[in-house]
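# What shape does this take:
(chains A and B)
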Amino acid sequence: MTDGTDPGPAAVTTDEVRNTVAAVLKVAPGRIGDDTDLVELGLDSLRMMRLTGRWRRSGLTVDFPTLTAEPTVRAWARHLNGGGRPGPG
Amino acid sequence: MKVDGIHLAGIGTYTPRPTPVEEAVRQGMFDPAAAKESGLLSVAVEPAVSAPDMAVHAARQALAQACHDPDDFAAVIHNGAYYQGPGHWSAPHYVLHRALGQPIPAFGISHGCLAVLTSLHLAAGLLEHGRPGRQALLITGADNFSTPMFDRWNDSELAVFADSGVALVASTRGGFARLKAVGSRSAPELEGIHRGNDSLLPPARYPDHPWQVATRRQEWAERPDADPRDLIASVNRFGELVAGLAERTLAEAGVGRDAIVRVAHTGFSENSLHTLLLDPLGLPVELSTWDHLRTLGHATVGDQVLGLAHLWRTGQVGRGDHVLLVGATEGLEAGCAVIEISRDARGPEAGIR
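You can find the predicted model right below:
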């Protein structure tokens, strides 16, 4: 998996990520701050796999370990927009 | 483990007519949202033929292709992850009697969905080139979930369980493919994911041990002192396990990653296939057998053989091509094998399709 340097789809906003996560968690988006720990909020591995699948099918490059390393809306938006991947390759 | 002198001389498959996912949803058997998430188009369901009988069908196909004398066979290894028949009865001998009829050992391996790959691993130890009666091994695998006691559609969120039978003949003499390396690695600290709160004593409340994969996983996630990140960590741990194993097995086979033409893998549903196997292995879905397995579902012990048979018979892999077989099972354990195709499925030397 490499950083997205191609143009690709339009940039994903934190609000879009927030709304997607809120729908999966069945909570109001207002409860999810940019830096809210999504695991603490109840996001489990299966839902994360589902989200990973959804974003992959929409054409985004997404990596489950990266999502789990920093489970926040802010970090996820950065990752989906081709931001750097922490940790070993 | 590097392997020398073990070939695949025969391959056999029994796949019943698949049930379209739409039909399962329409009949209220498959949750519509789960069906959509799964990415599956259909699932193989066999209402009438038992697992051992499907194994016999597949075995006869593989044996006809292999053209070995019955006397060449050292043993039959018959595997199933689920119910094969009455307790205290031998399904492996049932298969042996109908497929080969030889007075040789017949047994199965308790290795969940890795049983067939592990049977191949055992071939290296059971067979000896040139030794009469130890030149071939019949490996079979089959499962049938057609019972109201088992909810194949909704039992697990990772896969939908399919009915099928598969067979391989491993040979010291030659075949359509050559086994170059095989092995597995485990993370036994995660065995509890598939145990949940079920007791080991007294025997479980259901004599037939229905799986309830999702329920047990949730029970494990909620055990005392559990961390909310445990399941997530287990997914990542499995990814590391399978990535490391693939690297090791390729190195043992002396085959570079770029030489792998296709990958035959577990029949996971779409999201789990990517997260648990394709992404950790760095494999694009085009190299996988997803297109085929999404029409069949998760054929427990048979996925890799069904995938390999499909790739070979349709000419998607041919002579000189390397195929990676990869799988997963409770434990957790990842299994892997590298094979090289020795002859095309079509052409003057083709075996029976």
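# what number of residues lie near B:Pro224?
4 (other Cβ atoms under 10 Å in any protein chain shown). The way it works is simple: take the backbone N, C-alpha and C, and place the C-beta from them, glycine included.
# can you pull the contacts of it?
Under the criterion of Cβ atoms under 8 Å, 6 or more residues apart in numbering or on different chains, B:Pro224 has no neighbours.
# got the phi/psi numbers for it?
Backbone torsions of B:Pro224, given as degrees, to the nearest 10, read phi -60, psi 140.
# Chain B contacts on chain A?
Contact residues, chain A versus chain B (Cβ under 8 Å from any Cβ of the partner chain): A:1, A:39-40, A:44-46, A:48-50, A:52-53, A:56, A:63-65, A:68.
# ok, which pair from these is furthest apart?
Farthest-apart pair in the residues of chain A next to chain B is A:Met1 and A:Glu40; separation 26.3 Å (Cβ to Cβ).
# shaky segments in the stretch 101-250 of chain B?
B:205-209 (pLDDT under 70).
# Which residue does it have closest to chain A?
The stretch 101-250 of chain B approaches chain A most closely through B:Leu231 (4.1 Å), counting by Cβ to the nearest Cβ.
# For burial, what's the neighbour tally of that residue?
21.
# Nearest residue to it in space, ignoring adjacent ones along the chain?
Once flanking residues are discounted, B:Leu231 sits nearest to A:Ser45: 4.1 Å by Cβ to Cβ, 6 or more residues apart in numbering or on different chains.
# so what's the backbone phi/psi at the closest residue to chain B within chain A?
Residue nearest to chain B within chain A: A:Gly53 (3.7 Å; Cβ to the nearest Cβ). With angles defined as degrees, to the nearest 10, A:Gly53 sits at phi -60, psi -40.
# Now for B:Lys2: which residues touch it?
By Cβ under 8 Å, 6+ apart, the neighbours of B:Lys2 are B:Lys180, B:Ala181, B:Glu252, B:Ala253, B:Gly254.
# May I ask you to confirm that the first one belongs to a strand?
Just to be clear, that refers to B:Lys180. Yes - counting by DSSP: H, G, I helix; E, B strand; the rest coil, B:Lys180 is part of a strand.
# Enumerate every residue touching the residue nearest to it when sequence neighbours are not counted.
Using Cβ to Cβ, 6+ apart and skipping the chain neighbours, the partner closest in space to B:Lys180 is B:Ala253 (3.8 Å). For B:Ala253, the contact set (Cβ under 8 Å, 6+ apart) comprises B:Lys2, B:Lys180, B:Ala181, B:His322, B:Val338.
# Tell me how many other residues crowd the residue nearest to B:Ser164 when sequence neighbours are not counted.
Excluding the flanking residues, the one nearest B:Ser164 by Cβ to Cβ, 6+ apart is B:Ala299, at 4.1 Å. When counting by other Cβ under 10 Å, one arrives at 30 neighbours for B:Ala299.
# returning to what we had before: the residue nearest to B:Lys180 and B:Asp303: what is the separation?
Note on B:Ala253: its distance to B:Asp303, by Cβ to Cβ, to the nearest Å, is 20 Å.
# B:Pro18 now?
In terms of Cβ to Cβ, B:Pro18 sits 14 Å off from B:Asp303.
# Neighbour count: those two, which is higher?
B:Asp303 (32 against 18).
# can you pull the contacts of the closest residue to the more buried one other than its chain neighbours?
In space, and not counting its chain neighbours, B:Asp303 is closest to B:Gly267: 4.3 Å by Cβ to Cβ, 6+ apart. Contact partners of B:Gly267, counting by Cβ under 8 Å, 6+ apart, are B:Ala159, B:Ala162, B:Leu293, B:Leu296, B:Gly297, B:His298, B:Ala299, B:Asp303, B:Leu306.
# Which other helices and strands does the helix or strand A:Asp15 falls within contact?
Per DSSP states H and E: A:Asp15 is located in helix A:14-25. Other elements packing on helix A:14-25 under the criterion 3 or more Cβ pairs under 8 Å, 6 or more residues apart in numbering or on different chains; DSSP states H and E are helix A:45-57, helix A:73-80.
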